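*Asks:* got a sequence here, can you model it:
(chains A and B)
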Amino acid sequence: MPSEAAQEATPTTSEVTLRVLRYTPGKDEEPHFEEYAVPVDPMDRVLDALHYVKWHIDGSLGFRRSCAHGICGSDAMLINGRNRLACKVLIRELPSVINVEPIKGLPIHKDLIVDMDGFFASYKRVMPFLVNEQVPTDKERLQSPADREKFDDTTKCILCAACTTSCPIFWPDNSYIGPAAIVNAHRFIFDSRDTAAADRLEVLNGATGVWKCRTTFNCTNACPRDIDVTTAIQQVKRELIFNRI
Amino acid sequence: MIHQHTYDVVIVGAGGAGLRAAIEAAGKVRTAVITKLYPTRSHTGAAQGGMCAALGNLEEDKWEWHAFDTVKGSDYLGDQDAIDVMCKEAVDAVIELEHFGLPFSRNDDGTIAQRPFGGHTRNHGEAPVRRACYAADRTGHMILQTLYQQCVKRDVEFFNEFYVLDFLASPDGAATAGVVAYELKTGDLHVFRAKSVVFATGGFGKMFKVTSNAHALTGDGPAVLYRRGFPLEDMEFFQFHPTGIYRLGILLSEAARGEGGILRNKDGERFMERYAPTIKDLAPRDMVSRAIQTEILDGRGAGPDGDYVYLDLTHLPREQIDSKLPDITDFARTYLGVEPYTEGVPIQPTAHYAMGGIPTDIDAQVRVSPTQVFPGLYAAGECASVSVHGANRLGTNSLLDIVVFGRRAGIAAVEHARSTRHAELPANPAADVAAQLERVRSATTGEAGVHMRVELQNSMNANATVFRSGETLTTQLDVLRDLQRRYRSVTVDDKGTTYNTDLLEAIELGHLLDLAETLVAGALNRTESRGAHYRDDYSKRDDGNFLKHTMVRRGADGGIDIDYRPVTLGRYEPMERKY
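*Replies:* Residues are numbered from 1 along each chain as shown, chains lettered A, B, ... in the order given. The predicted structure is shown next:
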């Protein structure tokens, strides 16, 4: 039985071992794994298994979640070594021992909850809003379907941080602006309606910008929205090399 | 520890309505947005299909036709002054979002793309009309991101992961004084003094088992005000969206049918032809949900338990599915393992949207009685009832509602803040919240919230759903009273102060229980069928007795007092609702 239903004591078909990295600053000396036996249906989400632990074993388990279907971006976690949304990976895709850790490179507040302030600060550096003061009075700006398509992929970003916290450059060096901020810059740089591409490219050309990227593709593999993150970063690099005014 | 803050305008909630209000207020007066999630996690982002406005980009359309459809869709319970405002301002609202940068899908001539949606018609019901402006099936995501981007641009001040748990009036009870919030990260309480407070906290679908709603949708705003003696309006009208993913309830947009998708029963029959011969699969949601439930009850449901029907997209070109419906087809593949190119997707009605909520006038001012508003207090979006949706909301009108009335709430809140001084705070403003939290944290003899929540959700799904009766509703009221009794000694495992979501989930459960009781009480008293409220024992609409809004209020004895408010009629006289 898929679902929310994890909270119900319904018959299930199997059991998995959920190993969760637990840590409460001030209480625990350092992060440590705790193991839970969780009854599951193969169609359950990892989020359902986490809810089972929280609702039936230990209510103090800390994790964020809201929409539970991959749209809100709350529950990015490191699941068996790969950044995923806990609500978008099903038990049937995983072995019977499942390791769940917080996304890496950001300070842990509690268990799977990390401090997102630095992540959003990097996002804000790229001016993530349309700049164009010349607007028609009572009509929409026109944009051809072809122009709209140029930045379609990067409009899908839900700011879950799965990409940025999968990046080996970011882990030791939080000053790197990171894939998510570059994706959001791309979304405006390639929008035919926007006039501030040069300003964003200036930010991305700096010491903490796109040139730190070593094209490891972790970000692309991590994106739960299937955004081709590495391609977006390369397009920004090309723009800097060939088209910068 | 209790922190003190002073602002002119405090906005509670950072979905579409709260963010749109913030855009209006920030930079004009000192503004804070308090939100229990990071803003971009809000459930506006899960809306898919579109936002209607009579732009007429592809065929003739008029805002008056949109208004007619909305009135008819509401089963004549919508207030026609508010509906006129919404449909008229819709055009400017869409244009403004485009100017804000919203990446709408486009027509070949570069204008904003539009498609048909349930209940939206040309010339008073002649045929479906292309009115829904959209960005693939991610319109809500784009609206949420765009409004948040505009807030970043304006440097709006956010308090993220703060839960507002109380509303403060001045000691004489006559003016808005502020709110009390709980900081999730630290467990500290914060008193926000404010001249104007805007509630924009969203819906409360988590009282149902099968729902499209996020875990966060627990009706905190309406519950907080209800406990402070404010009335709630039309709570019995809760929309069940026809196409939720089987058992999970995840939304599959009506846009799927707008693009040509067809509902089929186990025999492959396009059954909507029998229920709505003119617009078939694009009938309003209440009618389609009843049709699906009827097919299931009459033995024409599919699957081993015969409890779902199919959403069939297999006849659509794959390019169209990929470009117009990418997310919902991804959901079907991910959560059901079904390939929409070649297979029907199992669906069932899912609890989706609260038409009722905090009663407001067209300037988002909160009503305390049929004729009076409360100075400085505003509500907008799903937590409010203006009422533009009446007994049944048309698809896309919620995204429209949040931007139109979020803006109006922001404007009104700023005007009020500029024309008044801060009201006096009550003595010990955070004392009630502190006591409530301490009671839950220290309880030892009761049971954990999870059991009560499951019972609430299962019983609401069984007794207060698409079809109701006096019998099921009476049963449900008993269930809820038992749950309320048990809830008084609810316990939590986590006694800590850092990210204690165990504690907050228990508080949220209390909100859901209160609101479920108002829903069921309103439904029991309304002995007619109208819009989303359908009773087997009173299957006809009764305009003589019930062309009026329900207003429920907590009684002095803790019971529920029920009163009514007249519907504001206008150009469109109530008539039989056929499609």
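
*Asks:* rest of the way, CA atoms for contacts and neighbours
*Replies:* OK.

*Asks:* quick check: longest helix of chain A.
*Replies:* What stands out as the longest helix in chain A, according to DSSP state H, is helix A:178-189.

*Asks:* pull the distance from it to the chain's centre.
*Replies:* 13 Å (Cα atoms, centre = their mean, to the nearest Å).

*Asks:* tell me the SS of B:I562?
*Replies:* strand (DSSP: H, G, I helix; E, B strand; the rest coil).

*Asks:* pull the contacting residues for it.
*Replies:* B:522, B:550-553 (Cα atoms under 8 Å, 6 or more residues apart in numbering or on different chains).

*Asks:* residues near residue 85, how many?
*Replies:* In the absence of a named chain, chain A is used. 29 (other Cα atoms under 10 Å in any protein chain shown).

*Asks:* my bad, chain B
*Replies:* Neighbour count for B:V85, taken as other Cα under 10 Å: 16.

*Asks:* follow-up on the earlier one: so which of the contacts of B:I562 belong to helices?
*Replies:* Filtering the contacts of B:I562 for helices - DSSP H - leaves B:G522.

*Asks:* filter the contacts of B:I562 down to the ones in strands?
*Replies:* B:550-553 (DSSP state E).

*Asks:* where's residue 19, which helix or strand?
*Replies:* I went with chain A, as the question did not name one. Element membership of A:R19 [criterion: DSSP states H and E] is strand A:14-22.

*Asks:* could you do chain B instead?
*Replies:* Secondary structure (DSSP H and E) places B:L19 in helix B:16-25.

*Asks:* which helices and strands does that helix pack with?
*Replies:* strand B:9-12, strand B:31-35, helix B:139-153, helix B:397-418 (3 or more Cα pairs under 8 Å, 6 or more residues apart in numbering or on different chains; DSSP states H and E).

*Asks:* isn't B:N397 up against B:M51?
*Replies:* Yes. B:N397 is in contact with B:M51 according to Cα atoms under 8 Å; the separation is 6.4 Å.

*Asks:* state the pLDDT value of B:L477.
*Replies:* On pLDDT, B:L477 comes in at 97.

*Asks:* again, but for B:Q4
*Replies:* 98.

*Asks:* can you count the residues close to it?
*Replies:* Count around B:Q4 with other Cα under 10 Å applied: 10.

*Asks:* and what of the one 10 residues further on?
*Replies:* Here the count is done by other Cα under 10 Å, and B:A14 has 33 residues near it.

*Asks:* kindly report the same for B:R274.
*Replies:* B:R274 has 10 nearby residues by other Cα under 10 Å.

*Asks:* ok so it is a helix residue?
*Replies:* Yes. Assigned with three-state DSSP, B:R274 falls within a helix.

*Asks:* about what we covered before: any buried residues in the helix holding B:L19, and which?
*Replies:* By 16 or more other Cα atoms under 10 Å in any protein chain shown, the buried positions in helix B:16-25 come out as B:16-25.

*Asks:* ok, now stretch B:362-382?
*Replies:* Result for stretch B:362-382 [16+ other Cα under 10 Å]: buried residues B:362-368, B:370, B:373-382.

*Asks:* what's the end-to-end length of that stretch?
*Replies:* Taking Cα to Cα, to the nearest Å, stretch B:362-382 runs 14 Å from one end to the other.
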